[in-house]
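S.K.: below: sequence and its predicted model.
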Amino acid sequence: MTKKSFKGITVLLTAGPTYEPIDPVRFIGNHSTGKMGYALAECFAQQGARVQLVSGPTNQIAQHPHITVTPVTTADQMYAAAKVLAPQAAILVFAAAVADYKPKTPSDKKIKKSGNELTIELVKNVDIAAELGKQKRPGQFSVGFALETDNESAHAREKLHKKNLDMIVLNSLNDPGAGFRHDTNKITVIEEDAITAFALKPKSEVAQDIISLIWERLYG
Ligand code: CTP
């Protein structure tokens, strides 16, 4: 079989969680480790792509010299960085676990304990995949992820349309060994007129499956 090469292609990838500040010492975040996003970056780079990786806070380290990491903290920063890089990319992959909401007015001083209740007002964050979906140019291919607990395929399909994606990678929390904090993942890839299910396997192999499918759709 000939090697599936992405030589000359630029891939924009978002990965990891975002942290939304409450005050200088606290934030709203999530359990994303960035493993899946970094595995995809490595795999794309090994197959010849130049990768622009916009990454939220994570312990992961990009190894390949063709991966350029732009570290960010918040969803707003992730969007600002991705928006600048998107026009040059042929493939956009949204693997980040972006916080849906952020504190409306983060305090510039540490919030002191007082009273039995504390209410923090939250406002919706920018939807990076949806915004870049609106700005997508002809020929640009975009891939999103969805982690669902119920009505998985229906919710994933909804996101495919809402965010103008070509492909959505569905992880189900109902599958043991899939999702956050695991080195393995079990995915189903949903497209407008195809559904492809894969077995439970290490995240590096899952990345290879996703990338092979993207290659098939673009150049196969
Ligand atoms: N996404 C994004 N920006 C956001 C929220 C999500 O770019 N503010 C991207 C994710 O990277 C992922 C896809 O959109 O590729 C779906 O993310 P998910 O959190 O499942 O979707 P939401 O639209 O936030 O829907 P919900 O949380 O209600 O399920």
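M.R.: Everything's here; your move.

S.K.: contacts only, for Q140.
M.R.: A89, A90, I91, L92 (Cβ atoms under 8 Å, 6 or more residues apart in numbering). Placement of C-beta: from N, CA and C, glycine included.

S.K.: check the nearest residue to the second one once chain neighbours are set aside and give its pLDDT.
M.R.: Ranked by Cβ to Cβ, 6 or more residues apart in numbering and with sequence neighbours excluded, the top spatial neighbour of A90 is I9, at 5.0 Å. According to the prediction, I9 has pLDDT 97.

S.K.: what about I9, how many neighbours?
M.R.: As a burial measure, I9 scores 19 neighbours (other Cβ atoms under 10 Å).

S.K.: now the two most distant members of the contacts of Q140.
M.R.: Spanning the widest gap among these are A90 and L92, at 8.6 Å by Cβ to Cβ.

S.K.: most remote residue from this protein's center?
M.R.: Here the chain reaches farthest from its C-alpha mean at G115, the gap being 38.4 Å by Cα atoms, centre = their mean.

S.K.: secondary structure class for that one?
M.R.: Following DSSP: H, G, I helix; E, B strand; the rest coil, we place G115 in the coil state.

S.K.: quick check: phi and psi on it?
M.R.: When read as degrees, to the nearest 10, the backbone of G115 gives phi 80, psi 170.

S.K.: ok, it to L40 distance?
M.R.: To L40, G115 is 45 Å away according to Cβ to Cβ, to the nearest Å.
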